[in-house]
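>>> I need the structure of the sequence given here:
(2 chains)
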2 protein chains.
Amino acid sequence: MRSMIVRSPILLSMLIASAAAADEGMWLLSNPPTATLRSKYNFDPTPAWLEHLQKATVRIGGGTGSLVSADGLILTNHHVGSDQIYNLSTPDRDLLKTGFIARTRDQELKCRDLEIKLLWSIEDVTDKVNAAADPSLSVAKAFEARRKAMTRIEQESKDATGLDSEIVTLYKGGRYHLYRYRRYTDVRLVMAPEQSAAFFGGDVDNFEFPRFNLDCCFFRVYENDKPLKAEHYLRVSTEGSHDGELLLVAGHPGHTQRLITADHLRFLRDVEMPDSLRRLWRREAQMNVFCSRSPEHARIGHDALLGIENGRKARTGIYAGLLDPAVMTAREQADARLKAVAATQPALADGNPWERLVTARKLYGAFFQRHRALGGGLGSTLFGMAVTVVRLSEELPKPSPDRLREYRDSELESVYLGLYSPSPIYEALEIEALTSGLSLLAETLGADDPAVVRALDGRPPAARAEQLVKGCTLKNIETRKRLVKEGKKAVEASPDPMIRLAITMDPESRTLRKRFEDEIEGVERDAYARIAAVQFALYGESLYPDATGTLRLAFGQVKGYEHDGTTIPPYTTIAGWFERYKERGPQPPFEIPKSWLNRRDRIRLDTPFNFVFTADIIGGNSGSPVVNARGEVAGLIFDGNIQSLVWDIAYDDRQGRAVAVDIRAIIEALRSVYDLGFLADELTRR
Amino acid sequence: MRSMIVRSPILLSMLIASAAAADEGMWLLSNPPTATLRSKYNFDPTPAWLEHLQKATVRIGGGTGSLVSADGLILTNHHVGSDQIYNLSTPDRDLLKTGFIARTRDQELKCRDLEIKLLWSIEDVTDKVNAAADPSLSVAKAFEARRKAMTRIEQESKDATGLDSEIVTLYKGGRYHLYRYRRYTDVRLVMAPEQSAAFFGGDVDNFEFPRFNLDCCFFRVYENDKPLKAEHYLRVSTEGSHDGELLLVAGHPGHTQRLITADHLRFLRDVEMPDSLRRLWRREAQMNVFCSRSPEHARIGHDALLGIENGRKARTGIYAGLLDPAVMTAREQADARLKAVAATQPALADGNPWERLVTARKLYGAFFQRHRALGGGLGSTLFGMAVTVVRLSEELPKPSPDRLREYRDSELESVYLGLYSPSPIYEALEIEALTSGLSLLAETLGADDPAVVRALDGRPPAARAEQLVKGCTLKNIETRKRLVKEGKKAVEASPDPMIRLAITMDPESRTLRKRFEDEIEGVERDAYARIAAVQFALYGESLYPDATGTLRLAFGQVKGYEHDGTTIPPYTTIAGWFERYKERGPQPPFEIPKSWLNRRDRIRLDTPFNFVFTADIIGGNSGSPVVNARGEVAGLIFDGNIQSLVWDIAYDDRQGRAVAVDIRAIIEALRSVYDLGFLADELTRR
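Model prediction:
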């Protein structure tokens, strides 16, 4: 691991502005890396090419998908769709286990709470947002003023265009962009393979390569009860890709921390990340126990467990990177470079923003645990709903810009979609989650803490959780609707123990949030905006911002790598999958489903299955279309290898790789395994 | 859970000195609960009866066993012997999986580092120990003086009697007893069933009842290469026990916390226990990952994983009890009662020991994390050996009473037995454990902490662990012996990276230990001795001391209990096992081994398998003989139910039960399943 970081990638991308060296960057669609693409790959995407890719890429379920037919067909990862597949399952029909196939459009299964967003336009509103904050205001007041201005701008945009409008904060405050989305909520499940095929190797092989995962599924977007007539959709390449080929990725990388200061990185390393890991290990052990109780417990708990395992493995990799002294040294050098510029141009930095950040983080350290413990819910869906109901009763009477940001008018449709979802709520899982959440509160704050005493109300966690969940009336959707409709008085009069708990706990949660926003986030937004000004002065606009969960463009080439003295080739094949199965199967997670075993003789075993390439991706890119220079889908991002985990803080392409499902494997599976020739035809039709 | 504790058990045992109400207590063999046994059960054990039980009971592998034949046959739990069974396994011969049977004495497998101790005599040396501490000394100096006196007394006893001599601190300092042991180190494995039979249900059913575990195995003690001619051994009852029968238990309960103050209990609840749980969850998740890597990883990691799961489940139960406000209230009332007595007899308490305890714990809170992080090794066997080698080189030149207590002369044989053990050391497991240990250091102290910087030496944990383990020469037993023999100079000159690390880390570890002993342990020993004086004044000698890992007597009756509105009968049968298997098997941990499935028709299915009774036991009692009033073995403790976990802090028999293997199931298994009629005959011979 250590040697991986000696050549500092951050420095590299900053020093070599021509950027010919590395396939680094999660680029704004409004500011693509055209110079690099031209110089390194002799590729010159036109604005139309970019617009087409943008308008065929969707946000879905915390990840990414793409429109791949004129009839609104969406291709994404199985693990992006698995929440919905889980919610559509029943004790007798476990779609994660069996997979799902709609052989006619009538059979497509309508999702209960899935929304899809399509980025339609981008506008730089930095000046408008900043204009709201008079220089005479305190940092906290300025932060609040900007936030209100953002809500106003979003609302005006929505009123004017009818599009969902959302301001994205880039460079931690250096830029504000207004993104306008088309939004769809009638989305239906078309096809999902068995989870054993989609996630063969489970946690053992997760983030590893070579890999053999058919991590895909298909949805279809409907509008007015008819398949969406997509203005833009991606054509699929039947030839796939080849070693060395340039491929591009459009997707929604969620979160990176490449531009934060060394001190901030240290906070991440010594405070946040250990705490996150502790929570993940804890939940992993607990959910393993839960799932082992019975087959039905396994069914309702397994998908959550996979998510926890995934988070744990990802963070383990990031934490290992953070413990590499070379990473910290590189970041300190990057800081020093910026500070040197700031010293010569004091107007840019407006004092010493680095110092202000140090002070803010030190301050945050003093209430970090409490903020995390009381600000993050208790892990229970029902408690989450209770908090939402309580907060809606507080917020709805206020004007939209004065509300907590997630309850502004433009967000309400999404809030209601979640709150009124008919997705199943499992009592056993709720009790288990809440027991854990209540115990965590006591473990963190101590059992005599007033917040813990209030939460437990004189009972040990398990007994209290049982009382809360069994007595909770919010399992009924109509009750949720009624309480929201009737508002504050009804909520305050509700005897529902979960509502009572939310009412009890919410004030301190809000206080801590306010404190965080005023004393930490506001200060940091301001300081990072100053640092961004220095960065722009030094590097120009060729600096891509840290990931923000919004649409970005990445690029790279198909390329194997060296590991432990051997060369790992970039492609695996279906034949390789059967070999791995022979080696480790048939016990889980190394099962190949019967559908494949039965058809083995018909399958073209030399079909490329998964492949690696150098594009700069991260969590949130899951399901991203991987397209060739002609804009055709050659694959589907579903993972990064273990050496790419450190990309959260620094890109490095010596071993780090994005991992994709090859489109040829998907087509082969549809035709030779699942008898879905018509779906393959829909994909490949010209 | 909550309703379990309303009737405070601690108060109960203290208020009702006649003790007719509860089967509570882990009694000293030198102070048995004769009054209760007589009044409640009309049973009057003679001194000879007690001596016989004492001298047929052994300390073995952190648990308990009993001599059950004239030829030195030892009966204990499979999970007590599993360390040895693991060490005797190889990649091709996994004795945990397959079980082991010696069909002749020649085939018995000699254990590599197992010692067995038999308590031969007990002497109260309280006055002698206390006499060493002049009242003019500071608390820390007095603590040290007493400790040196203990080593001297032990040594004198060993010189005079030839017996291993160990002073046990009872009532946290209220009494000191000198225990003299016979010690045996030629111990051979005779028979172990498959782990799937011994631990059927695994973590899922652990601490649960009804239960179906053949948790037993047999060793044989040798002396001069011949089976030990045991002066005392227990006869086995072929009739077993019956509902309502009085049964007694001799064993080595490890640790309870029933007499500590409410404030101390709060420290346990809010500091120690959450930290312990976090470590266990962490290791559980990590070891699960390790075991999933390959079948060989599973083989070498599985037994450790079981230990971690067991610790996690036990502590989860204790923690839930600690979060019960009724438990804390009861403890506060107990404190108040003692304080009231102390107020009237100030000479007893010598000031306010409760206040001194509060101060000490507050002080400890400030360096608890650091003490635990740096005082507890790094989870690696090789690092542990390196520390032992380094410390021996420091300690051996000193006179025995001046050394760290675990290196006093009387302990050296045990130290060498462990250090020079030929038990296998698995490189993969060592690297994994050390990676985890090094990372934990960083997670706890922060990566810039000087101790962490020294430990990691510029590498991320995994790379550092690999370097340390691969370069470590201590894998060779001769190297360990040579370094110990050549002493400090050789150790200091050693280039072995693990030795270097131990040399680097040991000074702070020793400093923290010294600080803990001087500022916390010494103060607490003194304060609790004062409190004990008050307790004796109030309750007389009818108060049993908290468990200390030394021999105790418990008693209780066979008795079912109510749970969730149903009555759980006290016995299960082999037929019930096959039913549970049908319900949950055949996948692990619900497998019945082939040996049993093949013999199903021959087995008497109505044979009682496991049973519950009310005796007061805790971890360390594993493998304890359960005897009837005639002193015959009716069963073998192997667990407590989940409601008994709280016994760590307070006994309660409404639902809490000890769980035992019925001796009839063991005999049936030997005769009908394993074709070991000759072993059954050896057990039942009169």
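>>> Only C-alpha atoms from now on, for both contacts and neighbour counts.
Will do.
>>> So which residues of the stretch 501-650 of chain A form helices?
For the stretch 501-650 of chain A, the helices defined by DSSP state H, counting those that start in this stretch cover A:522-539, A:574-584, A:594-599.
>>> brain fart, the stretch 1-150 of chain A
A:9-15, A:34-41, A:47-55, A:78-87, A:95-98, A:126-131, A:139-161.
>>> one step back: now the helices of the stretch 501-650 of chain A as TSV including distance to residue A:556 and mean neighbour count?
Shown next, in TSV, are the helices of the stretch 501-650 of chain A (distance: least, CA to CA, whole Å; neighbours: other CA atoms under 10 Å in any protein chain shown):
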stretch	distance to residue A:556	mean neighbour count
helix A:522-539	22	22
helix A:574-584	24	17
helix A:594-599	32	14
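>>> for chain B, what are the nearby residues on the stretch 551-686 of chain A?
Contact residues (CA under 8 Å from any CA of the partner chain) of the stretch 551-686 of chain A with chain B: residue A:584.
>>> swap in chain A?
Residues of chain A lying near chain B (CA under 8 Å from any CA): A:1-2, A:203-204, A:269-271, A:274, A:278, A:281-282, A:284-286, A:289, A:292-294, A:320-321, A:323-325, A:442-447, A:458-463, A:584.
>>> could you redo the last one with a cut-off of 6 Å?
Counting by CA under 6 Å from any CA of the partner chain, the residues of chain A close to chain B are A:270, A:274, A:281-282, A:285, A:320, A:323-324, A:443, A:446, A:460.
>>> from those, which two are the most distant?
A:324 and A:460 (41.5 Å; CA to CA).
>>> Let me see the confidence value for residue A:14.
According to the prediction, residue A:14 has pLDDT 42.
>>> What's the local residue count around residue A:154?
Around residue A:154 sit 24 other residues, with neighbours defined as other CA atoms under 10 Å in any protein chain shown.
>>> which stretch of helix or strand covers the closest residue to it other than its chain neighbours?
Closest residue to residue A:154 apart from its sequence neighbours, by CA to CA, 6 or more residues apart in numbering or on different chains: residue A:165 at 5.1 Å. For residue A:165, the host element (DSSP states H and E) is strand A:164-170.
>>> and the angle from that strand to helix A:139-161?
Here the directions of strand A:164-170 and helix A:139-161 differ by 140 degrees (axes from the mean of the first three to the mean of the last three CA atoms, to 10 degrees).
>>> So what are the sheet partners of strand A:164-170 and their directions?
Partner strands for strand A:164-170, per DSSP bridges, with pairing direction: strand A:175-184 (antiparallel).
>>> what mean pLDDT would you report for the strand it pairs with?
97.
>>> Got the domain ranges for chain A?
As recorded under automatic domain parsing, the domains making up chain A are A:34-115+A:185-257+A:545-684, A:117-184, A:270-344, A:365-544.
>>> on that earlier part again, and among the helices of the stretch 1-150 of chain A, the most buried is which?
helix A:78-87 (a mean of 23; mean count of other CA atoms under 10 Å in any protein chain shown).
>>> Contacts for it next, please.
A:61, A:215-217, A:423 (CA atoms under 6 Å, 6 or more residues apart in numbering or on different chains).
>>> try it again with 8 Å
Residues outside helix A:78-87 that contact it (CA atoms under 8 Å, 6 or more residues apart in numbering or on different chains): A:60-64, A:94-96, A:111-114, A:189, A:192-193, A:195, A:198, A:215-217, A:303, A:423-424, A:622-623.
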